[in-house]
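Colleague: only geometry, no sequence info:
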């Protein structure tokens, strides 16, 4: 059973990367983050996500 999950996971990642690669503009980059929750109930990426949201919010009015 574990081997079947590993095989499916490998296929899923291959498909995910292949299709996302087709969607990127030339020079674009893909960043993949996985989520987990710590013992304190926090997912740990909150500071990173706050910064990313601030940057994206700043880019929108500039037409990015």
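Modeller: Noted; the coordinates are in hand. As the structure is a prediction and not an experimental result, all values here were calculated from the model.

Colleague: Any idea how many residues pack against residue 45?
Modeller: By other CB atoms under 10 Å, the residues close to residue 45 number 13. Heads up, the C-betas are built off the backbone N, CA and C, glycines and all.

Colleague: What strand or helix carries the closest residue to it other than its chain neighbours?
Modeller: Closest residue in space to residue 45, ignoring its immediate chain neighbours: residue 33 at 6.4 Å, by CB to CB, 6 or more residues apart in numbering. Counting by DSSP states H and E, no helix or strand carries residue 33.

Colleague: hmm, who's touching stretch 15-29?
Modeller: residue 30 (CB atoms under 8 Å, 6 or more residues apart in numbering).

Colleague: Please identify the buried residues of that stretch?
Modeller: Residues of stretch 15-29 include none that count as buried (16 or more other CB atoms under 10 Å).

Colleague: can you give me the end-to-end distance of that stretch?
Modeller: 17 Å (CA to CA, to the nearest Å).

Colleague: Give the rounded mean pLDDT of it.
Modeller: Mean pLDDT, stretch 15-29: 89.

Colleague: neighbouring contacts of the one helix or strand in the chain whose mean pLDDT sits lowest?
Modeller: Sorting the helices and strands of the chain by mean pLDDT, DSSP states H and E puts helix 46-59 at the bottom, at a mean of 90. Outside helix 46-59, the residues within contact range by CB under 8 Å, 6+ apart are residue 33.
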